[in-house]
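In: Following is a predicted model, sequence given first.
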Amino acid sequence: MMGMKMRRVFLRLIGALLFSLAVTGAGAAGVTEIGNEQVRALLVSGVPLYDLRRPDEWQQTGVIAGSRRLTFVDAAGQVPPDFLPRLTSAVGKDAPVILVCRSGNRSSVLSRYLVEKLGYTRVYNVSRGMVGWIGDGRPVVRD
């Protein structure tokens, strides 16, 4: 589990990345912004997709078939203490991974963090998130 000090540092870094993203709007080297066709192609080739939303969001809209569910920020705006250890133990630094959230903002922040702070090299952010996926009429699965 993530210690309290490490969690606070992580939360501060996330805040700084959110600010940086808002100010620059730029992507980090190693983060690739992708659209729905690219999501589909990467999934077919076996790249894991992590849906970073909350359980209530998954239930409300459904999820992309084959996605792995792992909440990045809870309803109180906090990163769950087990989030980073669960993600980093499942995805190696040089392994490709697709991240999606509601609109692409949370996944963009996490993408940048993984690349800039943890050295990940192949992170794909779904730029319009589930809003874009559903808006384009793409299929979802529901529990």
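Out: Alright, I've got the coordinates.
In: isn't there a helix covering Arg112?
Out: Yes: under DSSP: H, G, I helix; E, B strand; the rest coil, Arg112 falls within a helix.
In: how many neighbours does it have?
Out: By other Cβ atoms under 10 Å, 24 other residues sit near Arg112. Quick note: C-beta positions are derived from backbone N, CA and C, even for glycine.
In: Please read off the pLDDT at it from the model.
Out: pLDDT, Arg112: 97.
In: again with Ala26
Out: At Ala26, the model reports a pLDDT of 43.
In: residue boundaries of the strands in this structure?
Out: For the chain, the strands defined by DSSP state E occupy 31-34, 49-51, 68-69, 97-100, 123-126.
In: mind checking which of these is nearest Ser108?
Out: Distance to Ser108, taken as Cβ to Cβ, is lowest for strand 123-126 among these, at 5.1 Å.
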